[in-house]
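A.B. asks: got a sequence here, can you model it:
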Amino acid sequence: MTKNIADQHEEPCVKLSLQEGIARVVLNRPKQHNSLDIELITSLLEVLTTLNSSRDLRVVILSGSNHNFCSGLDVAGVMADPKNIQWLLSSCDGYPHNKVQHLALGWRSLQVPVIAAIEGYCYGGGLQIAMGADMRIAHPDARLSVMEGRWGIIPDMGISVTARGCVKEDVLLRMTVTAEVVNGQAALSSGLVTEVADDPVARAEELAALICKRSPDMVEAAKRLLRDSYTQTDDERLAFEEKLQRRLLGSPNQMEAVMANIEKRDPVYTSE
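C.D. replies: All right, here's what the predicted structure looks like:
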């Protein structure tokens, strides 16, 4: 399946394709370094709805066109109309957060891993979207910043949730109040990204292909365990871990993983 969002344009502001279980989402405002205007924001929300209802989805790769991830909010365009701000801060149907927060938290809501491939600018809202991914692969020379402080506001797209367990609170505070820009290598040291690569998209494709070789039930359970147990007590985490494991043990896909390994062949999983 291949789908373009915003089909009324010759070049959609978000490109979405789904092939062999891998969804590729590309922010596509190259002349504006993929900055977030209302059209792009709306399209990303539509993409999240589409992916959330896809039965064939195994993994998502999120990137930006023309070797830039996203330079953040198109401030002039969005703030030109006060109604835009009210719309962004309005509730997101079916979720306990607002629309602008869903741009980041929506990737966490998906039941499959999301890999952000970061090149060039990754500022402000762009960084917060990337933080919503489960893994972030950055070019060593990518430029990342919690940029909102330059505009006299705080980051409000869920980074207080998505950065937990990745970035130390003092480091995140420093980056927030200074709005400093760091490269990909420094971002790796601070926990903002998972790894660095000279070709982040190619590395994301490599990881996506490897994930597709694993049981989809196991992958979903792994994401649920590590995502949903963060605020639980140790006893609650252990009970949740056991609950998820009991569902996997002896299931068709788990048995297929065992037999494929024993027979030294590629596994064939079911989506049921």
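
A.B. asks: ranges for the strands of the stretch 1-150 of the chain?
C.D. replies: 2-4, 14-19, 22-27, 59-64, 114-118, 121-123, 135-138, 143-145 (DSSP state E, counting those that start in this stretch).

A.B. asks: right, and the helix or strand after the last one?
C.D. replies: Beyond strand 143-145 in the direction of the C-terminus, DSSP states H and E gives the next helix or strand as helix 159-162.

A.B. asks: give me the contact list for the following helix or strand past that next one.
C.D. replies: The helix or strand immediately downstream of helix 159-162 is helix 169-178, counting by DSSP H and E. With contact meaning Cβ atoms under 8 Å, 6 or more residues apart in numbering, helix 169-178 is reached by 145-146, 148-149, 154-155, 159, 163, 180, 182, 190-191. (C-beta placed from N, C-alpha, C; glycine too.)

A.B. asks: now do the buried residues in helix 169-178.
C.D. replies: Judged by neighbour count (16 or more other Cβ atoms under 10 Å), helix 169-178 contains these buried residues: 171-172, 175-176.

A.B. asks: any idea how far that helix is from the middle of the chain?
C.D. replies: How far helix 169-178 lies from its chain's middle: 21 Å, per Cα atoms, centre = their mean, to the nearest Å.

A.B. asks: could I have it exported to CSV, CA atoms only?
C.D. replies: Provided in CSV are the C-alpha atoms of helix 169-178 (Å, rounded to 0.1, in the frame of the first residue of the first chain):
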residue,chain,number,x,y,z
GLU,A,169,16.6,15.9,34.4
ASP,A,170,19.5,18.3,34.9
VAL,A,171,20.7,17.9,31.3
LEU,A,172,17.1,18.4,29.9
LEU,A,173,16.7,21.5,32.1
ARG,A,174,20.0,22.9,30.8
MET,A,175,19.0,22.4,27.2
THR,A,176,15.5,23.8,27.8
VAL,A,177,16.6,27.1,29.6
THR,A,178,19.6,27.7,27.3
